[in-house]
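Take a look and give me a structure for this.
(one chain, ligands or ions: 3)
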Amino acid sequence: MKVDVLLGLQWGDEGKGKVVDVLTPRYDAVARFQGGPNAGHTLEFDGKKYVLRSIPSGIFQHGQINIIGNGVVLDPVLFTEEAKSLEESGVDLRGILRISRKAHLILPTHRLLDAASEKAMAAGKIGTTGKGIGPTYTDKISRHGLRLGDALTPEFADRFAAARDRHLDTLRALGADVDADALAAAEQKWMQAIEYIKTFKIVDCEYLINDLLNDGKSILCEGAQGTMLDVDFGSYPFVTSSNTICAGACSGLGVAPNKVGDVYGIFKAYCTRVGSGPFPTELFDETGKRIRDLGHEYGAVTGRERRCGWIDLVALRYAVMINGVTRLIMMKSDVLDAFDTIKACVAYRDKDGNETRHLPFYLDDDNYSPVYVTLPGWKTTLSDIRSEDALPQAFVDYINFLEDELGTPITIISIGPDREQTIFRNR
Ligand code: GDP
Ligand code: IMO
Ligand code: MG
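Residues are numbered from 1 along each chain as shown. Ligands and ions are numbered 1, 2, ... in the order given. Down below sits the predicted model:
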């Protein structure tokens, strides 16, 4: 058996949580492979809404195993809050959740470092989620990190103290004020949360995943963030600190590349981004505001306003290439229901008037302007449609146009936040 991978092709918040939940019944297990509580994955069904941050989106179906892989960074306190609230709503989390002992831990001082680093960068700040993601991955790569498995050893308290002291040195160098009492309280809470996590099944996720595959079980890997936030291929340095691309599933779970089957690439019918950084198709006018209002484009975790714009096919083509996408999933189609016309960026034009279909090294809005194609809107309410045959022709034309541009079939269309508002296409 192989793993299928579902990942975002834009700047995150494409709707990964919803679709993972919808696809979970087809799989025996679901696994998160990177990112941490910077993610906010929203699911809606039976009139209820859940936002998941560290826990995979396959927990609400029929007992599938859900795995937090080694590539994920875990904040014990946020994990505890999330897990307790899910247990309270009746999810048998202990029965289905497995956590890699190689997952790196986010310490309270990682969050302070995240904030101090952002403050020090002032106008050039990334606009991070403030969850300590960058500093935790920095420690991982510089070989200073603490992993969940370390918390099971007697030396853990000493290693934690050494890491904290090293972080405090850096914080001092950054000129950050550290409230010692607040930090001590946060650390106490953190240690209690570690004890809580220890009551879950902590596993060698690479063996678990490969054993499942050898036993003929199917696995869906759930990406966080999106390709344009990938640390290697995204809009660097305005990215997150992990590999959000398909290759991240291999390193973040211990799956060999030849074990990857389908790659589901998920995108919105338009485009959004949170935080700083270039966004060539961003709209600063009434249309951008209209998309934000109709799409409720506010961060699931931070509540921040999402920047909105037209779909960017230059970036999407690039994402399809980097990830080896085999099937596309288009989300939030209903948000554009009332628009007379819809624009799609098919190329960028540089200052000299030259057009390119390649993603440039610096994706700088000052240097590149989008070249748009304008398509007619469908002017139909999509959210109640349940079959492909009932889709309006102008909408089908939009899909066909995107498929041609991206060279990949669109196999699922989402027309509302609820599980039921999903159309599978026969492709
Ligand atoms: P994720 O991070 O990729 O899981 O996406 P988020 O949960 O951060 O953001 C997606 C938002 O869009 C959530 O509020 C979803 O409930 C909502 N959503 C998902 N699919 C659709 C859709 O097809 N139409 C509409 N209107 N909302 C959707
Ligand atoms: P999901 O999984 C959208 C953005 C932040 C910031 C940059 C770096 O819900 O799609 P970080 O805290 O990771 O160091 O911030 O990445 N970002 C996201 N944007 N959706 C996300 O996750 C994001 N996770 C991080 O806004 O610009
Ligand atoms: Mg999100």
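
quick one, helices of the stretch 101-250 of the chain?
108-121, 133-141, 156-173, 180-197, 205-214, 246-253 (DSSP state H, counting those that start in this stretch).

Ligand 2: which of the ones you listed is closest?
Ligand 2 sits nearest to helix 133-141 of all these, at 4.0 Å, using CB to the nearest ligand atom. Yep, even glycine has a C-beta here, placed from its N, CA and C like the rest.

and the closest one, what's its mean pLDDT?
The average of the pLDDT scores along helix 133-141 is 98.

Pull the distance from that helix to the chain's centre.
Taking CA atoms, centre = their mean, to the nearest Å, one finds the center of helix 133-141 at 17 Å from the center of the full chain.

buried set for that helix?
Buried residues in helix 133-141, defined by neighbour count with 16 or more other CB atoms under 10 Å: Ile133, Gly134, Pro135, Thr136, Tyr137, Thr138, Asp139, Lys140.

so which of those residues also contact ligand 2?
With CB under 6 Å from any ligand atom as the criterion, the buried residues of helix 133-141 include Ile133, Gly134 near ligand 2.

would a markdown table of the buried residues of helix 133-141 with distance to Tyr207 be doable?
Shown next, in a markdown table, are the buried residues of helix 133-141 (distance: CB to CB, whole Å):
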| residue | distance to Tyr207 |
| --- | --- |
| Ile133 | 27 |
| Gly134 | 30 |
| Pro135 | 29 |
| Thr136 | 24 |
| Tyr137 | 24 |
| Thr138 | 28 |
| Asp139 | 25 |
| Lys140 | 21 |
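
quick check, nearest of the buried residues of helix 133-141 to Thr272?
Ile133 (19.3 Å; CB to CB).

Against Glu222, how distant is that closest one?
17 Å (CB to CB, to the nearest Å).

what does Ile141 give?
Here the criterion is CB to CB. By it, Ile141 lies 23 Å from Glu222.

likewise Ala347?
Distance from Ala347 to Glu222, by CB to CB: 32 Å.

what about the two, which has more around it?
Ranked by neighbour count (other CB atoms under 10 Å), Ala347 and Glu222 place Glu222 first, with 30 against 16.

So what does the most far-flung residue of the chain relative to its centre look like in phi/psi?
Most distant residue from the mean C-alpha position of the chain: Asp352, 35.6 Å away (CA atoms, centre = their mean). For Asp352, the backbone dihedrals are phi -90, psi 0 (criterion: degrees, to the nearest 10).

and the stretch 301-427 of the chain, which of its residues are near ligand 2?
Counting by CB under 6 Å from any ligand atom, no residue of the stretch 301-427 of the chain is near ligand 2.

Poorly predicted segments of the protein, please.
Along the chain, segments meeting pLDDT under 70 are nowhere present.

Alongside ligand 1, which residues does it contribute?
Counting by CB under 6 Å from any ligand atom, the positions of the chain adjacent to ligand 1 are 8, 12-18, 39-42, 44, 295, 300, 331-332, 334-335, 414-417.

could you redo the last one with a cut-off of 5 Å?
13-18, 40-42, 300, 331-332, 334, 414, 416-417 (CB under 5 Å from any ligand atom).

So which of the residues you listed sit within strands?
The strands, defined by DSSP state E, take in His41, Thr42, Met331, Ser414 from the residues of the chain next to ligand 1.

would you list those in a markdown table and tack on neighbour count?
Shown next, in a markdown table, are these (neighbours: other CB atoms under 10 Å):
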| residue | neighbour count |
| --- | --- |
| His41 | 28 |
| Thr42 | 18 |
| Met331 | 27 |
| Ser414 | 26 |
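
nearest to Gly216, of the residues you listed?
Closest to Gly216, out of all of those and judged by CB to CB, is His41, at 27.8 Å.

any idea how far that closest one lies from Ala224?
7 Å.

Over to Glu155?
Distance from Glu155 to Ala224, by CB to CB: 31 Å.

So for the two, which sits in the more crowded spot?
Neighbours were counted for Glu155 and for Ala224 using other CB under 10 Å; Ala224 has more, 31 against 9.

residues touching the closest residue in space to that one that isn't next to it in sequence, list them.
In this structure, Ala224 finds its nearest non-sequential neighbour in Gly35, 3.1 Å apart by CB to CB, 6 or more residues apart in numbering. Gly35 makes contacts with Val72, Val73, Ile133, Gly223, Ala224, Gln225, Thr240, Ser242, Thr244, as judged by CB atoms under 8 Å, 6 or more residues apart in numbering.

Scan those and report the most crowded one.
In the contacts of Gly35, the most neighbours by other CB under 10 Å go to Gly223, 35 neighbours.

does Glu405 sit in a helix or strand, and which one?
Per DSSP states H and E, Glu405 falls inside helix 393-406.

What are the buried residues along that helix?
Going by neighbour count (16+ other CB under 10 Å), the buried part of helix 393-406 is Phe395, Tyr398, Ile399, Phe401, Leu402, Glu405, Leu406.

now the residues you listed as CSV including distance to Phe424?
Listed next are the buried residues of helix 393-406 as CSV, based on distance: CB to CB, whole Å:
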residue, distance to Phe424
Phe395, 16
Tyr398, 18
Ile399, 13
Phe401, 20
Leu402, 17
Glu405, 22
Leu406, 18
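
want to try CSV for the residues you listed, with distance to ligand 3 as columns?
Shown next, in CSV, are the buried residues of helix 393-406 (distance: CB to the ion, whole Å):
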residue, distance to ligand 3
Phe395, 25
Tyr398, 24
Ile399, 24
Phe401, 27
Leu402, 22
Glu405, 25
Leu406, 22
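
any idea which of those is the one closest to ligand 1?
Phe395 (12.9 Å).

ok, now which ones touch that closest one?
Ser333, Trp378, Thr380, Leu382.

If we check ligand 3, which of those are in contact?
Among these, none lies close to ligand 3 by the criterion of CB under 5 Å from the ion.

As CSV, the residues you listed with secondary structure, neighbour count and distance to Ala120 would be great.
Converted to CSV, the contacts of Phe395 look like this (DSSP: H, G, I helix; E, B strand; the rest coil; neighbours: other CB atoms under 10 Å; distance: CB to CB, whole Å):
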residue, secondary structure, neighbour count, distance to Ala120
Ser333, helix, 24, 41
Trp378, coil, 21, 48
Thr380, coil, 16, 50
Leu382, coil, 22, 46
